[in-house]
Every structure is written in C-alpha cells, then in structure tokens.
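> here is a sequence together with a model predicted from it:
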Number of protein chains: 2
Amino acid sequence: MSGSSAPRLKDVAQAANVSMSAASRILRGERDRFGEETCQRVLDAARQLGWRRNLLVNGMQTGRTKMIGVMIPPYDSFWVDVLAGIHLVLAGADYLPITVWVGDCQEMPHFEKDDDQGLGQISRLLDRRVDGLILWPSFAVAYYKHFRELLERRVPVVVVDHEFSEDQIADSIETDEQRCAKAVAQHLVSLGHKNIACLSSRETAWQAWAVRRRESFEQALADHPEVKIKSWRLNPWGTDGLEIAEEILRQEPRPTAVFCVTDHEALYIYEAAAKLGLRIPEDLSVVGFADLDFAASLRPPLTTMRQRPKDIGRRAAQLILDRLDGDFADHPPTTIRVGADLIVRGSTAQQSLIKARD
Amino acid sequence: MSGSSAPRLKDVAQAANVSMSAASRILRGERDRFGEETCQRVLDAARQLGWRRNLLVNGMQTGRTKMIGVMIPPYDSFWVDVLAGIHLVLAGADYLPITVWVGDCQEMPHFEKDDDQGLGQISRLLDRRVDGLILWPSFAVAYYKHFRELLERRVPVVVVDHEFSEDQIADSIETDEQRCAKAVAQHLVSLGHKNIACLSSRETAWQAWAVRRRESFEQALADHPEVKIKSWRLNPWGTDGLEIAEEILRQEPRPTAVFCVTDHEALYIYEAAAKLGLRIPEDLSVVGFADLDFAASLRPPLTTMRQRPKDIGRRAAQLILDRLDGDFADHPPTTIRVGADLIVRGSTAQQSLIKARD
DNA sequence: ACAGACAGTTCAAGTAGTTGAGCATCCCTC
DNA sequence: GAGGGATGCTCAACTACTTGAACTGTCTGT
C-alpha cells in the first residue's frame, strides 16, 4: 500500500501488453479498429488496476476542463435551489460546478471583509481553467476588473437573478420583476387595499435588485391612482428592520397592506405587528417575496411571490453549455426572464374585513 | 479578439526575450537568481499579456490539484455554515473546495433518485484528481465502494458531522452527542420536568445520527430515575410529523417537555401545540437541536442546542490539509468531537409554572 | 507472383509548463 | 594567466496522455 499511487495508462498498457496509444484508443471507445481479444485484455487490465481517466490531461489538451465556476452569495433556500438547478443540468452533461463565495458585502457573515477576495476567488477559478462562469451581479466589481480577460479567454459568463447592468455584456437570467410587481399589486388592489406600504431592503449598490423590485411595485401601482403607496427602506447596515417596521405601522392613517421586497423583511413586519397588537391578516395584509423556507411555517403563513430558483439555475447552466458547444457561441448576449408565482396564504385578506371590525 | 485565447508562458518568454525556464522561474518567485532588469521584463510581459499560472499543469506535474471534493447534503443553514468553515480554511491555503450533492436519500428533494449517482459524483471528483475528500456519512455506500481505491490513491478522507462507522477507517469530525444530550437533560431536569418525550426524526440507515441523538438523550436521562422518558419517531418517509406530534401531546399524562432531535421536528410540536390549544412554554417546554436559521424567529423563540458548524467545517478542512502536508500523514484515523451550546430561549420554562396555573 | 486493401499497431509530436543540471561570462585572487 | 566562485541564464527530460500519420503483416484478387 505504500508505493502505490494512481495507476497510469502506461501501467495498463504494459499489463495488457500493448502500446500506450492502443490502450488510449481502446479505453476511449475507439474499439472497432482493434481485435476483440485485445480490447478485452486492455479493459480488464484497466479495471483490475483501477485506472481512471485523468481530466487534468484532457483539460490541458483540449482546453476544456468540464468545470464551471459559480459565484453566488452564501445561501438561503433560494440560492440552494438555484444551485440545485445548476448541478442538475451540469451533472447531466458530465460537467462539474465549482462554487465559491465572496464576502465583500455585509450580508455575508461568513467571511471577513476583504475587497480583494472577489478577485482572489475568480482567480482561483481561472487558474484552474474553468470553461465558464455563472455569477451573481453583486460580484460586479470582481467581474468588471476581469471582464477584458474573460472576453479574451472566451470564457462565457452568465449572470443570474438580476440584471447585471444596462450595457448588456453578458447573458443574464432574471426573475421578471415587472410581472411580479403587477401580480402583487393586482392581488392587493383586488382585495380592496387603498393604502399600501412597501418595505425595501437595504438599497446598497450591490443590492440593486431591491431598488428594482421596489420601483417596479411603485410603477405597477401607478396604474391605480386611487391607491396610496409609500415606500421605506432599511439603513445601509440592515440593522433597523424592526424600527422601520414599527414606524410603518404607526403611520396615520395606518397602511392596510405591506409589500416586502423579501420574506426577510416580512419577518420584521410580523414582529412589529405582534408588538403593536395588530392581527395579520385582519388588521394588516403582508406580502413577501421569494417564498423562503420559513414562509409557509410563519403564523399566519405568508403570502409571497415564489420565484423559480431551480429553473433559474437550470437555464443558467444550459445557457453556458449552449455557448460552449458552439451552437450558440456567437449570438449576442441574451436576457431570459423567468416567471414567478403568487402564493396566496393566510397573511393577506379583503380590506372589507378590516372595515367590518372597525 | 477572435484569434486570442489564453496566453502561454512561451508567449511571455518570447515577449521578454528569455527562455521559458527563466520565465517560469521568475514568475514562480525564484527571482534572486536573475538580473533585476530581466525580472522586470518578464513580469511586465506577463502582466501585459494577462498570463496566469495554469494549475492543470501543476496538477499533472506534482499530483496536487489544490482541490478538495466535498460531498454533503443539499443545505439547510447548518450545512451552509459547515461549508463556510471549509471554504474559509481552504481558501486561506489557496485550495478550492468542489462541492457536489447526491440525491440517493429521500431527504433531498433536488435530485431524482438514482443509486449510482453517488458513485458518479465521486468519480467526477476523482477524475479531476481532487487531493482529498470531505464527506457526509450518508454517502457511506458510495464511499465504501470506492474505499480501496481511495486508500490506494492515498486520498485523505474526512467524514463530517456524524461518526461514520464502528471501524475507524477515516478521520471524523462530529458533534459531541453525549455532552449535548447531557446538557439538554440537565436543563430540563433542573426546570423540574419529570415526564419528558423525545421526538426523533426518521431513523433510516442513512440517518444514524438521529438514532444516536435519541439514544444519547435516553442514556443521559437514565441518570435521573425519577424522570419518565418516552421516545417517538417519524415514519420512514418523514410524512407523519404532525400526527406524531399530536399523538405525543395527547398522552395521559401529557409530557411537560419534548426534546426534538432537530429544529425541524420542533416545528411539528409547535404546530400540534397550537392546534390543541397548548401554550409554549407555559403548558409545554420544547427543545430543538441545531439552531437552524428559523429557530430564533419562532414564537416563542426555540430553546435549542446550537452546534458549531463553522467550526466543524474549519476543522475538517484543516485536518485534510494536515494529512496532505505530511506532518500528519501517517497518523491513524482520528475522531474530533466538537462541542455545542445550549441556547436557552423562550420555549422552555420551569415546570412549577405549569403547576401554578393548573 | 505481386499489387492493393485492410486490420492492427506504433511513432512521434503535440498540450503547458517545471526543474535538476549545466554552461558561459565576468570579476577577483594568487 | 590559471583557478575559483558568483552571476545569469538555458537545455533537456519529465508530467500523463492524445492523435494524425505511418508502418507491418496478412489476406485477397488477378
């Protein structure tokens, strides 16, 4: 057991008494050029010695490592599902995703702040010659700095979940915010709400999606001039969720419904409502966004927009593969907008209910 | 932009007008053997051309790819933290973890059932010549089938979170179940509880930890003969959580405290309690395990054993690195037991409270 | 008997570097 | 003017395998 290490093709060839080239060809399936008995000998020898292909060598020779770098934030259940979609598609094509995290935004508690970290991580991926990159737009900085290089190396990039920037330089898969906003607005308006609040997250530069989500919602309500809408947001550190939530619920007149750009913010509203003795949904309707794993087990269960993260992941992976296989290699960058579903649960109700109790 | 691809060392050498070997040495930091002006020329050329080291080649030559395979279940917040610890340590050593999922147990909704999948995934890792493997014991099957091979290839394996098997064949990092069980038992007993239930999870073969957790708890209570303990478990599909929870709470006499082997099971108890009109903690104390992300936001917040997942991940990664660096290479397999902390929140209370109200 | 065809196999040059050993200068010493 | 030792750089072999081209031997057809 001491001298042994990974068996080489040379060993297999020797054991089968053929040349390395013959062994190589037979093991790669080019079998019809050889005698049946020879093939068997080689195959047996390979099995016996436990030989396996060395994708490092393949990578060197073909320039394809069959690895895709994935840079996304430390996961909540949304990102786990995105990853699941990515894994599923890539594994099917015998590709392997390599996932890295970057900690240069405060939402990520797992890493010490380090501005060069994004660069370091992307370097670690490129040094290993990944064939493509799937990334979350918050890594814009790291991405921009490497952009020229990625382009020159012809490494396809797909951005997931939220539009990357105005100038379409990479493919992008995102949730269709406008349709979502319309669906939420429609739902609340049809329930008779006329005074609605919107609670956004922190709206830091790397949380542009929060801005877009809030603005989409405001726009969607602009079609209903009879409805009053006021928006709020967390401070840049995201530390004042509960206070803001209370502030919203202390307004005169009090909003009868709150749309939160994320289920996380909805938690603050729940907490503030409990504190102020407001009942959900009798006194207050609440809508979240994302349908994170805890949304259904809140009391009452949270009405929320369920995105399709697995779908997003799947399409991102597929898009990368398409770009790599050349069919799609030279198309201009595309944006795919994925739908979402309004899951109506117990946290929203007719506004008339409130009137009846008043 | 069309003909360009990754720049080669040859290009850099040519641009700097030196031999490849000189360029190689200078770029790897062996600078004192060369003239300062030459070094500058090479460095400048490399920067200009955007050259970066090719770890595939390094991997071929040294047999070290600086990649560690990680096989863990689709993540809840516990596993996310484990991963965080792993990433942190490995990134510090310029290693990259490659995480794969396997779907051959039902807890994993993300993949279709496929018994060979574990094998396929482990193959995908070995084909890329990962230097080591961190894995979750549920992958025992895949692991056992590859065990001889891993041994012969001298790929170090570390098993995380729960003991792998009786015969110590790999390093193992686990939560110290016995100490945890003692802490929970101590907490409940000191609150005056005399009739305690334990709600285990499914106890399928690949959830051996549930068995161990339950048994440790039963043993811990054996030191308190005045306390009655009865255990329950979910069915093998995990579908009857709510029913079992109700059954527990309908016992005569009703247990005054329930220990759940996971926060997930505690959710069922909460739900059943709400359904039966029981108040937590006044009528019923509940203790969970893991301190998953939702535990603190339940109402009342859940008392639970907080494991140290980040620590577990960190130590697993460190152990792999130690084995690779040779210092530790020839030690027999070790087990590291990581502590955990009882987080007392609002779901547990003095049993006397209950008496006072009865 | 000899060309042509074909199966079965080998040669050698790639892939992108790394590295131990060695060589050419130049300066200084004796 | 030879010897010694830095200094600064290059040669060539090596990593593990792939692949286009070529070569050998046997069989067939004429």
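It's in. Numbering: from 1, shown residues only, chains lettered A, B, ... in the order given.
> quick check: residues of the stretch 51-200 of chain A near DNA strand D?
Proximity of the stretch 51-200 of chain A to DNA strand D (C-beta under 7 Å from any atom of the strand) is limited to residues A:Trp51, A:Arg53, A:Asn54, A:Val57, A:Asn58, A:Met60, A:Gln61, A:Thr62. No exception for glycine: its C-beta is placed from N, CA and C like everyone else's.
> go with 10 Å
By C-beta under 10 Å from any atom of the strand, the residues of the stretch 51-200 of chain A that approach DNA strand D are A:Trp51, A:Arg52, A:Arg53, A:Asn54, A:Leu55, A:Leu56, A:Val57, A:Asn58, A:Met60, A:Gln61, A:Thr62.
> burial check on the fifth one, number of neighbours?
For A:Leu55, the count of nearby residues is 23 (other C-beta atoms under 10 Å in any protein chain shown).
> ok, it to B:Ala84 distance?
Distance of A:Leu55 to B:Ala84, computed by C-beta to C-beta, to the nearest Å: 28 Å.
> equivalent analysis for the second one, please.
Applying C-beta to C-beta, one obtains 31 Å for the distance of A:Arg52 from B:Ala84.
> neighbour count winner among those two?
Set side by side, A:Arg52 and B:Ala84 show more neighbours around B:Ala84, with 22 against 16, by other C-beta under 10 Å.
> tell me which element that one is part of?
helix B:77-92 (DSSP states H and E).
> what mean pLDDT does that helix get?
Averaging pLDDT along helix B:77-92 gives 90.
> again with stretch A:299-315
Stretch A:299-315 shows a mean pLDDT of 95 in the predicted model.
> and the residue lying closest to A:Asn17 once chain neighbours are set aside, what is it in contact with?
Leaving aside its chain neighbours, A:Asn17 sits nearest to A:Arg41 (7.1 Å; criterion: C-beta to C-beta, 6 or more residues apart in numbering or on different chains). Contacts for A:Arg41 (C-beta atoms under 8 Å, 6 or more residues apart in numbering or on different chains) come out as A:Ala16, A:Asn17, A:Val18.
> now list the buried members of those.
A:Ala16, A:Val18 (16 or more other C-beta atoms under 10 Å in any protein chain shown).
> and DNA strand C, which of the contacts of A:Arg41 contact it?
The subset of the contacts of A:Arg41 within reach of DNA strand C, by C-beta under 10 Å from any atom of the strand, is A:Ala16, A:Asn17, A:Val18.
> buried residues in stretch A:297-312, which are they?
For stretch A:297-312, the neighbour count (16+ other C-beta under 10 Å) marks A:298, A:300, A:302-312 as buried.
> list just the nearest of those to chain B.
Using C-beta to the nearest C-beta, A:Lys310 is the member of the buried residues of stretch A:297-312 that sits closest to chain B, with 7.5 Å.
> tell me the pLDDT of the residue nearest to A:Ser297 when sequence neighbours are not counted.
Nearest non-adjacent residue to A:Ser297, counting by C-beta to C-beta, 6+ apart: B:Leu267, 5.8 Å away. At B:Leu267 the predicted local confidence, pLDDT, stands at 93.
> in which helix or strand would I find B:Leu267?
Going by DSSP H and E, B:Leu267 is part of helix B:263-276.
> any idea of the angle that helix forms with helix B:77-92?
On the basis of axes from the mean of the first three to the mean of the last three C-alpha atoms, to 10 degrees, helix B:263-276 is oriented at 160 degrees to helix B:77-92.
> list the neighbouring strands of the very next helix or strand once past helix B:263-276 plus their orientation.
Moving toward the C-terminus from helix B:263-276, the next helix or strand (DSSP H and E) is strand B:285-289. With DSSP bridges as the test, strand B:285-289 is paired with strand B:257-260 (parallel), strand B:303-306 (parallel).
> of all these, which one is nearest DNA strand D?
Of all these, strand B:303-306 sits nearest to DNA strand D, with 45.7 Å by C-beta to the nearest atom of the strand.
> from the chain's centre, how far out is the closest one? Work that out for me.
17 Å (C-alpha atoms, centre = their mean, to the nearest Å).
> what does stretch A:243-256 give?
Offset of stretch A:243-256 from its chain centre (C-alpha atoms, centre = their mean): 32 Å.
> try stretch A:18-27
Distance, stretch centre to chain centre, for stretch A:18-27: 43 Å (C-alpha atoms, centre = their mean).
> tell me the phi and psi of A:Val157?
Main-chain dihedrals, A:Val157, degrees, to the nearest 10: phi -130, psi 130.
> again, but for the one 3 residues further on
Phi and psi for A:Val160, reported as degrees, to the nearest 10, are phi -110, psi 150.
> was I right to think it contacts A:Ile134?
Yes: between A:Val160 and A:Ile134 a contact is recorded at 6.0 Å, counting by C-beta atoms under 8 Å.
> which residues are in contact with both of these two?
With contacts taken as C-beta under 8 Å, 6+ apart, A:Val160 and A:Ile134 have A:Ile72, A:Ala316 as neighbours in common.
> follow the chain on from the host helix or strand of A:Lys182 and name the next helix or strand.
In the assignment (DSSP H and E), A:Lys182 maps to helix A:177-190. Downstream of helix A:177-190, the next assigned helix or strand under DSSP H and E is strand A:195-199.
> now the helix or strand following that next one against helix A:177-190, angle please.
Once the chain leaves strand A:195-199, the next helix or strand it forms, by DSSP H and E, is helix A:208-222. With the same axes, to 10 degrees defining the directions, helix A:208-222 sits at 50 degrees from helix A:177-190.
> what comes up buried for the helix or strand just after helix A:208-222?
Scanning forward in sequence from helix A:208-222, with DSSP H and E defining helices and strands, the next element found is strand A:228-232. For strand A:228-232, burial by neighbour count (16+ other C-beta under 10 Å) applies to A:Ile229, A:Ser231, A:Trp232.
> now stretch A:17-25
For stretch A:17-25, the neighbour count (16+ other C-beta under 10 Å) marks A:Val18, A:Ala22, A:Ala23, A:Ser24, A:Arg25 as buried.
> what's the closest residue to the third one other than its chain neighbours sitting at in phi/psi?
Spatially, and ignoring its direct neighbours in sequence, A:Ala23 is nearest to A:Ala13 (4.0 Å; C-beta to C-beta, 6+ apart). Per-residue torsions, A:Ala13: phi -60, psi -40 (degrees, to the nearest 10).
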